[in-house]
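K.L.:
one predicted model, sequence on top.
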Amino acid sequence: MNKKNFAAAMAAIIVTFGAVTVCANRRDPTAVKHADKDVSSYAVSAADDSTSDEEDTSSLLSPLLADTSSQVLDEVVVNEEVEEAVEERATESFNVSGNYGFTSSGFDTVYSNEEMQKCFDRLQEICNDSNFPLAFSYKNINTGAYIGYHQYDSYMTCSCVKAPYVKSILEDDIDLDKKIVLNEKWDGDDGTLSAKDYGTEYTAKELIEYTILESDNTAYQLLCRNFGTQSFNNMQYSLGSNYTLGYNGEWIFTYCTSDDMMKDYEDIYYFTEKNKHGIWLKNLMCNCKLNIQIGQALGKKYPVAQKYGTDFIERAFNDCAVVYADSPFVLCIFTSQVPETEESCQVFKDIALVCDDINSLIADNGKSE
């Protein structure tokens, strides 16, 4: 089935069964179309241009998590592929100056220096107004344009590290049907698995879903115990990232810089573009149950694959995301503040919005291969 026929079929399904969708108050993530890419099944490789008459429409979620609803995208998005005349915008050599507390590089040409100046000024205002430790790293995937603020300071990774870890074991092509016994629980965990009986069996696929969708610490620990951290650590070396996890699942949270974590999430972007399991991981990250930071600010505009991190004792509150804008970008934000309040979420939204504006002003957005 080609893309146009698939889009038409999807539109017909939406019209016919719209009432059912509304009554159920949930969205089937298998039906989401992201940037003209069919992500209905993680079993289809993004790099494979061939199509099949029989499409795998199996759910991306196990029955245990089938009631998961997305807070990132509220409805099915169907691209109609309507051709529109696009007015070419004049470009200018980048010429923004000021006494900024953040660093920037890779900005060559922009659509408006005046508008970019306003964005940089706004970003500095956000940094000045934060009365708590803050670090962030932004990078445009296509152009390499980069902004960093306190990007060399170490922060607790919290659960932001779970997405790169899952990527590392998926890249190893682990057996997703492997049965894993619940024989230990993360100390102090209040997640779903902590309430289950010892001896309960889960597949690796189910544990990955709990790890990403619900940020379940016990599920993450079981993955680390069974698949180890060697692949993750090797991945860090290859990316030039300066942090690792302990062996045997004994040190599965650590500290790192926003720059190092940015490398991991940029790596996740490329993984989602070329690997059959990457499509699945992207969908899980776009459907995380807690979505109160970057995804809430930009998720109605683009798909946002994100993973938050929280530690109330350490007053750590983080969020890292791949934003699938026309010209995709990565944004990692680390803070030390009381987590998960309206006030502590605000800086993530503010930074995400201004970085999106900056991203839209970089010349040749979306034209790089």
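P.N.:
Nice, I can see it. Numbers count the residues shown, from 1 in each chain.

K.L.:
low-confidence ranges, the stretch 251-369 of the chain, go.
P.N.:
Along the stretch 251-369 of the chain, the parts satisfying pLDDT under 70 run over 365-369.

K.L.:
that one: strands as residue ranges?
P.N.:
Defined through DSSP state E, counting those that start in this stretch, the strands belonging to the stretch 251-369 of the chain, from first to last, are 255-256, 304-311, 316-323, 329-336.

K.L.:
how about Q306, nearest residue that isn't a chain neighbour?
P.N.:
In this structure, Q306 finds its nearest non-sequential neighbour in A321, 3.7 Å apart by C-beta to C-beta, 6 or more residues apart in numbering. Backbone N, C-alpha and C define where each C-beta goes, glycine included.

K.L.:
quick one, what contacts that neighbour?
P.N.:
A321 is in contact with 265, 294-295, 304-307, 330-332, 352, counting by C-beta atoms under 8 Å, 6 or more residues apart in numbering.

K.L.:
nearest to L361, out of the strands of the stretch 251-369 of the chain?
P.N.:
Comparing the strands of the stretch 251-369 of the chain against L361 with C-beta to C-beta, the closest turns out to be strand 329-336 (12.2 Å).

K.L.:
tell me what angle that closest one forms with strand 316-323.
P.N.:
Between the direction of strand 329-336 and that of strand 316-323, the angle (axes from the mean of the first three to the mean of the last three C-alpha atoms, to 10 degrees) works out to 180 degrees.

K.L.:
name the helices or strands packed onto strand 329-336?
P.N.:
strand 134-140, strand 155-156, helix 258-274, strand 316-323, helix 342-361 (3 or more C-beta pairs under 8 Å, 6 or more residues apart in numbering; DSSP states H and E).

K.L.:
what's in contact with the last one?
P.N.:
By that I understand helix 342-361. Under the contact criterion C-beta under 8 Å, 6+ apart, helix 342-361 has outside partners 110-112, 115-116, 119-120, 122-123, 126, 130, 134, 136, 138, 140, 145, 147, 292-294, 296-298, 301, 317, 319, 321, 323, 325, 327, 329, 331, 333, 335, 337-338, 365.

K.L.:
give me the buried subset of those.
P.N.:
In the contacts of helix 342-361, burial by neighbour count holds for 110-111, 116, 119-120, 122-123, 126, 134, 136, 138, 140, 145, 147, 292-294, 296-298, 317, 319, 321, 323, 325, 327, 329, 331, 333, 335, 337, 365, counting by 16 or more other C-beta atoms under 10 Å.

K.L.:
could I get the contacting residues of the residue nearest to D197 when sequence neighbours are not counted?
P.N.:
The shortest distance from D197 to any residue that is not its chain neighbour, by C-beta to C-beta, 6+ apart, is 7.5 Å, and that residue is L182. Counting by C-beta under 8 Å, 6+ apart, L182 touches 193, 196-202, 218, 222.

K.L.:
how about the strands of the stretch 251-369 of the chain, which one is nearest E273?
P.N.:
When the strands of the stretch 251-369 of the chain are compared by C-beta to C-beta, strand 316-323 sits nearest E273, at 10.3 Å.

K.L.:
relative to strand 134-140, how tilted is that closest one?
P.N.:
Interaxial angle, strand 316-323 versus strand 134-140 (the same axes, to 10 degrees): 10 degrees.

K.L.:
the protein: helices as residue ranges?
P.N.:
Using DSSP state H, the helices of the chain run over 3-24, 113-129, 162-171, 204-213, 217-227, 230-239, 258-274, 276-286, 294-298, 342-361.

K.L.:
so which of those helices is nearest Y152?
P.N.:
Relative to Y152, the nearest member of the helices of the chain by C-beta to C-beta is helix 258-274, separated by 6.7 Å.

K.L.:
for the closest one, buried residues please.
P.N.:
By neighbour count, and taking 16+ other C-beta under 10 Å as the criterion, the buried residues in helix 258-274 are 258-269, 271-272.

K.L.:
and A195, how far from M116?
P.N.:
With distances taken as C-beta to C-beta, to the nearest Å, A195 is found 50 Å from M116.

K.L.:
before we move on, what about D175?
P.N.:
Taken as C-beta to C-beta, the span from D175 to M116 is 49 Å.

K.L.:
do the same with K263
P.N.:
In this structure, K263 and M116 are 25 Å apart, going by C-beta to C-beta.

K.L.:
ok, for F102, nearest residue in space, not its chain neighbours?
P.N.:
The shortest distance from F102 to any residue that is not its chain neighbour, by C-beta to C-beta, 6+ apart, is 4.0 Å, and that residue is Y149.

K.L.:
that neighbour against S130, yeah?
P.N.:
No. The pair Y149 / S130 is not scored as a contact, 9.6 Å apart, by C-beta atoms under 8 Å.

K.L.:
check contacts around the nearest residue to P133 once chain neighbours are set aside.
P.N.:
By the measure of C-beta to C-beta, 6+ apart, the closest residue to P133 outside its immediate chain neighbours is S336, 4.1 Å from it. Applying C-beta under 8 Å, 6+ apart, we find S336 in contact with 132-134, 155, 314-317.

K.L.:
return the member of those residues nearest to R89.
P.N.:
The shortest distance between R89 and any of the contacts of S336, using C-beta to C-beta, involves L134 and amounts to 32.6 Å.

K.L.:
just grab the bridge partners of the nearest residue to that closest one once chain neighbours are set aside for me.
P.N.:
Nearest non-adjacent residue to L134, counting by C-beta to C-beta, 6+ apart: T335, 5.2 Å away. When bridges are assigned using DSSP bridges, the partners listed for T335 are L134, F317.

K.L.:
roughly how far does T335 sit from W251?
P.N.:
T335 sits 23 Å away from W251, taking C-beta to C-beta as the criterion.
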